[in-house]
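Novice: okay, here's the prediction I keep looking at, along with the sequence it came from:
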Amino acid sequence: MGETIEVEAAEGVAEAYLTGAAERPGVLLFVDAIGLRPRIEEMADRIASWGYVVLAPHVFYRDGRAADLAPTVDLREPGAREEFFASGVADRVAALTPDRSGPDSDAWVRALEEHAGAGPIGVTGYCMGARLAVRTGGRFPGTVAAVGGFHGGRLVTEDPDSPHLAIASSTAEHAFGHADRDRSMPLEQVEALEEALRQTRRRYLNEVYEGAPHGYTMADTSMYDEAAAERHFAVLRGLLARTL
């Protein structure tokens, strides 16, 4: 359905997957730590089939082309996912600090708006992409009407730039689907996120998917959980329908 385009990002040209009929409401999709690859394109196509234009940017463009950073082995095989993550993935994620991801988000939103119809946009993110989604919602109040975050990690920290703090400046409706017993998003962080959401007095959803592992939406890895993935799609579709 889609095509790969190039976007002038903050520090260079970045690839992005664009899919959906022109002039439909726009949705920005932030990838997980594994990056832009066929599974992300499949998810973007599915969201687009609901009646949206979806842009999934290669957020790690500073480190190389998407194909160069993609896994070369089947991450569904035992130990393959863990081996891939040990190959420098954490370093790429850590280097994508808010002072980098913020200006990049400006570029992603501009690019999406060039192809989408007039009106508000939605943002959804996975794993570390959930942090980017939340921050983008806070960076664009009045523009971002929906923020989804699924199996996100470290959404609440003690840092002064903790992602959850961006919720206060956002005007979006939020929906979160947390992985069960996720070490990167323990229950106390889920509860702190709940309090930040409650204070907005806007509609929100903040759920833990019982039995679902971190990475449950990613069908190209050993962490995939079909029931949780389908639940996430239903939640996201409802969120976008209500807000866009």
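Specialist: Arrived safely.
Novice: now the residue of the chain positioned farthest from its centre: closest residue in space, sequence neighbours ignored.
Specialist: Within the chain, Pro78 marks the point farthest from the mean C-alpha position, 25.6 Å out by CA atoms, centre = their mean. Closest residue to Pro78 apart from its sequence neighbours, by CB to CB, 6 or more residues apart in numbering: Ser222 at 7.2 Å. (Glycine included, C-beta is placed from N, CA and C.)
Novice: for the one you found, grab phi and psi.
Specialist: Backbone torsions of Ser222, given as degrees, to the nearest 10, read phi -70, psi -10.
Novice: for Tyr204, same thing?
Specialist: Per degrees, to the nearest 10, the backbone of Tyr204 is at phi -160, psi 170.
Novice: which residues touch it?
Specialist: The neighbours of Tyr204, taking CB atoms under 8 Å, 6 or more residues apart in numbering as the test, are Glu173, His174, Ala175, Phe176, Leu197, Arg198.
Novice: buried subset of those residues?
Specialist: Burial by neighbour count, judged by 16 or more other CB atoms under 10 Å, picks out Glu173, His174, Ala175, Phe176, Leu197 from the contacts of Tyr204.
Novice: what is the nearest of the residues you listed to Glu230?
Specialist: Ala175 (14.9 Å; CB to CB).
Novice: hmm, back to that, can you flag which of the buried ones among the contacts of Tyr204 belong to strands?
Specialist: Glu173, His174, Ala175, Phe176 (DSSP state E).
Novice: make TSV out of the residues you listed and add distance to Arg65 and pLDDT.
Specialist: Below are these laid out as TSV (distance: CB to CB, whole Å; pLDDT from 0 to 100):
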residue	distance to Arg65	pLDDT
Glu173	35	98
His174	32	98
Ala175	32	98
Phe176	31	99
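Novice: quick one: those residues as TSV, columns for distance to Gly20 too.
Specialist: Shown next, in TSV, are those (distance: CB to CB, whole Å):
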residue	distance to Gly20
Glu173	21
His174	23
Ala175	20
Phe176	24
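Novice: ok, so of these, who is nearest Gly125?
Specialist: Phe176 (10.2 Å).
Novice: partners of the most centrally placed residue in the chain in the sheet?
Specialist: With distances taken as CA atoms, centre = their mean, Gly125 lies nearest the centre of the chain, 1.2 Å away. Under DSSP bridges, the beta-bridge partners of Gly125 are Phe30, Gly149.
Novice: all helices for the chain, in order.
Specialist: 38-48, 66-69, 80-85, 89-95, 98-115, 128-139, 187-200, 226-243 (DSSP state H).
Novice: can you list contacts of the fourth one?
Specialist: Spelled out, that is helix 89-95. Contacting residues not belonging to helix 89-95 are listed as Ala33, Ile34, Phe60, Arg62, Asp63, Leu69, Met128 [CB under 8 Å, 6+ apart].
Novice: how far does it sit from its chain's centre?
Specialist: Distance of helix 89-95 from its chain centroid, counting by CA atoms, centre = their mean, to the nearest Å, is 16 Å.
Novice: got the buried residues for that helix?
Specialist: By 16+ other CB under 10 Å, the buried positions in helix 89-95 come out as Val89, Arg92, Val93.
Novice: look up how far Ile167 lies from the second one.
Specialist: To Ile167, Arg92 is 26 Å away according to CB to CB, to the nearest Å.
Novice: so who does Ile40 touch?
Specialist: For Ile40, the contacting residues are Tyr17, Leu29, Val31, Asp32, Ala56, by CB under 8 Å, 6+ apart.
Novice: biggest separation within the residues you listed, which pair?
Specialist: Longest span within the contacts of Ile40, CB to CB: Tyr17 and Asp32, 14.0 Å.
Novice: does Phe85 touch Ala33 like I think?
Specialist: Yes. Phe85 lies in contact with Ala33 (CB atoms under 8 Å); the separation is 7.4 Å.
Novice: of these two, who's got more company?
Specialist: Ala33 (19 against 15; other CB atoms under 10 Å).
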